[in-house]
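# A structural model of the following input is requested.
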Amino acid sequence: MNKRNIFVLGVVATAVFLSAGLASAEKITDDTGDVWHWTWNSNTGSYSWAHSVTNQPEIDIKEISSDVEGEQMVLKMKVSGDISSSNTLYAVFYNTTGATYYVMYSNGSGMCMAISGNYTGISYGNTTASGNTLTGTVNMIGEDTKSEFYGYAYKYTHFGDTSGEWWGDWAPQDDSPWYDTENSNNEGSSGGGGGSTPGFEILLAAGAIALAFVIKKK
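Sure, this is the predicted structure:
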């Protein structure tokens, strides 16, 4: 084997080694039957935060996964039932040191994007929801190491109304607001930190960022 071939093999080996530290295939499994339920009574100023006593398979997460196919990031969420298009919000985030990748699906509409950390780069992807699986595919931006990977699924009595009643599940479980706590009830409370969920606000913020970027490019 001549020196040129050895050099080429060395470059390939180095690229493979470096890519191992970048975005790669990952899967997080989540227990079923762990959906939690939030209710708020504005008349009495009280809330209840407890394991759901009703079955909510459409938001009961089984797993989230990430994979790199060529130059694309593929994010998936699987639930116990079927992905619902009514009063629900699903989201998977894969954050790196230089970019955020995410897929969201709500009320029959989906969004998949990659946004660089300084908001100067953006990539729009494709979103599909079929059966129990939500899938987002988007071109990768840069080659950074992973910093965070998580997902959540919410169901609302009235979509976006986080003050009244909603159900939620998170993956991994330790990202949830109830992790390592018991069921709780609070009389005469203003609701505290549990009275809202970040999902709806993040969806609006993401749309605003995308719109701002498009305007800037024009």
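# assess the claim that L134 and V92 are in contact.
Yes: L134 is within contact range of V92, at 7.4 Å (criterion: Cβ atoms under 8 Å). Placement of C-beta: from N, CA and C, glycine included.
# identify the contacts common to the two.
Listed as contacting both L134 and V92 by Cβ atoms under 8 Å, 6 or more residues apart in numbering are K76, M77, V103.
# out of the residues you listed, list just those in helices.
Residues of those located in helices (DSSP state H): none.
# most neighbours, which of those residues?
The most crowded member of those, judged by other Cβ atoms under 10 Å, is V103 (30 neighbours).
# residues contacting that one?
V103 makes contacts with 75, 77, 90-92, 110-112, 125, 127, 134-136, 138, as judged by Cβ under 8 Å, 6+ apart.
# let's have those residues in a markdown table, adding pLDDT and distance to D144.
Shown next, in a markdown table, are the contacts of V103 (pLDDT from 0 to 100; distance: Cβ to Cβ, whole Å):
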| residue | pLDDT | distance to D144 |
| --- | --- | --- |
| L75 | 98 | 16 |
| M77 | 98 | 22 |
| Y90 | 97 | 25 |
| A91 | 97 | 20 |
| V92 | 97 | 18 |
| G110 | 96 | 24 |
| M111 | 96 | 22 |
| C112 | 98 | 18 |
| G125 | 97 | 17 |
| T127 | 97 | 23 |
| L134 | 98 | 24 |
| T135 | 98 | 22 |
| G136 | 98 | 18 |
| V138 | 97 | 15 |
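# and the pLDDT for the residue nearest to Q56 when sequence neighbours are not counted?
Of all residues not flanking Q56 in the chain, V35 sits nearest, at 4.6 Å (Cβ to Cβ, 6 or more residues apart in numbering). If you check V35, the pLDDT there is 92.
# next, count neighbours for V35.
Using other Cβ under 10 Å, V35 has 24 other residues around it.
# mind naming the longest strand for this structure?
Ranked by residue count and defined by DSSP state E, the top strand of the chain is strand 146-156.
# helices and strands around it, which ones?
Packing partners of strand 146-156 (3 or more Cβ pairs under 8 Å, 6 or more residues apart in numbering; DSSP states H and E): strand 26-29, strand 61-69, strand 72-79, strand 88-96, strand 165-171.
# and the ones you listed: which comes nearest K146?
strand 88-96 (5.6 Å; Cβ to Cβ).
# which strands and helices sit next to the closest one?
Against strand 88-96 (3+ Cβ pairs under 8 Å, 6+ apart) you get strand 61-69, strand 72-79, strand 99-106, strand 133-139, strand 146-156, helix 198-217.
# still on that earlier bit, need the contacts of V103 in a markdown table with distance to K155, can you?
Below are the contacts of V103 laid out as a markdown table (distance: Cβ to Cβ, whole Å):
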| residue | distance to K155 |
| --- | --- |
| L75 | 20 |
| M77 | 14 |
| Y90 | 10 |
| A91 | 13 |
| V92 | 16 |
| G110 | 17 |
| M111 | 19 |
| C112 | 21 |
| G125 | 25 |
| T127 | 19 |
| L134 | 14 |
| T135 | 20 |
| G136 | 20 |
| V138 | 25 |
